[in-house]
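K.L.:
missing the sequence, but the structure's below:
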């Protein structure tokens, strides 16, 4: 019940925030156009914009109309970009008066450029390298983390590109921290190309695997995939390293601690080994550190994916991107390897994470 209340509060907060942005955007636009408007029409225009957004969003989701679903996100981003640019131009107009036509041209050209950049950036792939030292290992290790690939939103061709880049790095293991599969239309045979992955991989589910038709059969022809779930929660990589993984389920969303307690009660942690914990969401870090994990790898946040959604994601998650110190444990939250929703990235990148684990000097 607490989870439902939290979701309602989160949804209400986003709705109120978006409405305020919309209302202020209407004010700023009319100001830049040098036209007067009373409060009542402003409220009406703002409600109309909100109505269009929610109709597209719920119709797209409810009737599985991908175009409308994605368009609702583009629409929300458009409103926010218009707001920010309008505020900026208002300050500029205090110093140098621009005509209404010039203001609209500047806003239109800037937004078009940002959207084009966002589309190009969404199709790119970067490699982020982090180094972690530990006195529990006797030799260097190289691993790779990928997360939030979101097949079928991302194409199989993009997955081939990811695999090729991973093979160039030549890691000893790959950690796939959820949301690898996104759409119920994906078939297990389409993942046979994962055979091209040279390193063994550990996989845990994210929330989108639970929204799709994912089953254990998806990786049955991929010899390199080790699935960590409620049946197999840990695996000894070698005599120095153990990998742990928690699967995502609705209890994570509803914040039911009992399910999380079951996970930690059902695993055996050897404090003398370097323990790696895979968790799709950057949650449970305090408990993981307390139980003796040395490195936690997460995704899910996408680093907000499209500015200014960073602010909303930051309101939900404390550690949304980067390498953090949680007591004696390191936490890395990746921005994700693919995109979700609209094919667009602004203020974030698709990344493959190269993890260099080295002996402490």
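P.N.:
Alright, I've got the coordinates. Keep in mind the model is a prediction, meaning the values are calculated, not measured. Numbering: from 1, shown residues only.
K.L.:
Tell me who's in contact with the closest residue to residue 147 other than its chain neighbours.
P.N.:
Spatially, and ignoring its direct neighbours in sequence, residue 147 is nearest to residue 299 (2.9 Å; Cβ to Cβ, 6 or more residues apart in numbering). (Glycine included, C-beta is placed from N, CA and C.) Applying Cβ atoms under 8 Å, 6 or more residues apart in numbering, we find residue 299 in contact with 147-148, 177-179, 206, 280, 333-334, 336.
K.L.:
Mind doing that once more with 10 Å?
P.N.:
145-149, 175-180, 204, 206, 278-282, 321, 332-337, 353 (Cβ atoms under 10 Å, 6 or more residues apart in numbering).
K.L.:
Could you list which of these belong to strands?
P.N.:
By the criterion of DSSP state E, membership of the contacts of residue 299 in strands covers 145-146, 175-177, 204, 278-279, 332-333, 353.
K.L.:
between these, which is closest to residue 139?
P.N.:
Among the ones in strands among the contacts of residue 299, residue 175 lies closest to residue 139 (Cβ to Cβ), at 19.0 Å.
K.L.:
Near the closest one, how many other residues are there?
P.N.:
25 (other Cβ atoms under 10 Å).
K.L.:
Can you tell me the closest non-neighbouring residue to residue 209?
P.N.:
Counting by Cβ to Cβ, 6+ apart, the residue nearest residue 209 is residue 181, at 5.4 Å.
K.L.:
doesn't residue 207 make contact with the one you found?
P.N.:
No - counting by Cβ atoms under 10 Å, residue 181 stays clear of residue 207, with 11.1 Å between them.
K.L.:
can you pull out the strands in the stretch 1-150 of the chain?
P.N.:
In the stretch 1-150 of the chain, the strands defined using DSSP state E, counting those that start in this stretch lie at 126-134, 141-146.
K.L.:
and the longest one, which strands flank it?
P.N.:
Neighbouring strands of strand 126-134 in its sheet, by DSSP bridges, are strand 351-359 (parallel).
K.L.:
try the shortest one
P.N.:
With DSSP bridges as the criterion, the sheet partners recorded for strand 141-146 are strand 173-177 (parallel), strand 351-359 (antiparallel).
K.L.:
and the gap between residue 15 and residue 143?
P.N.:
41 Å (Cβ to Cβ, to the nearest Å).
K.L.:
neighbour-wise, which of the two wins?
P.N.:
With neighbours defined as other Cβ under 10 Å, residue 15 and residue 143 compare such that residue 143 has more, 24 against 13.
K.L.:
What strands flank the host helix or strand of residue 296, and is each parallel or antiparallel?
P.N.:
If you go by DSSP states H and E, residue 296 is part of strand 295-298. Partner strands and pairing direction for strand 295-298 (DSSP bridges) are strand 274-279 (parallel), strand 329-333 (parallel).
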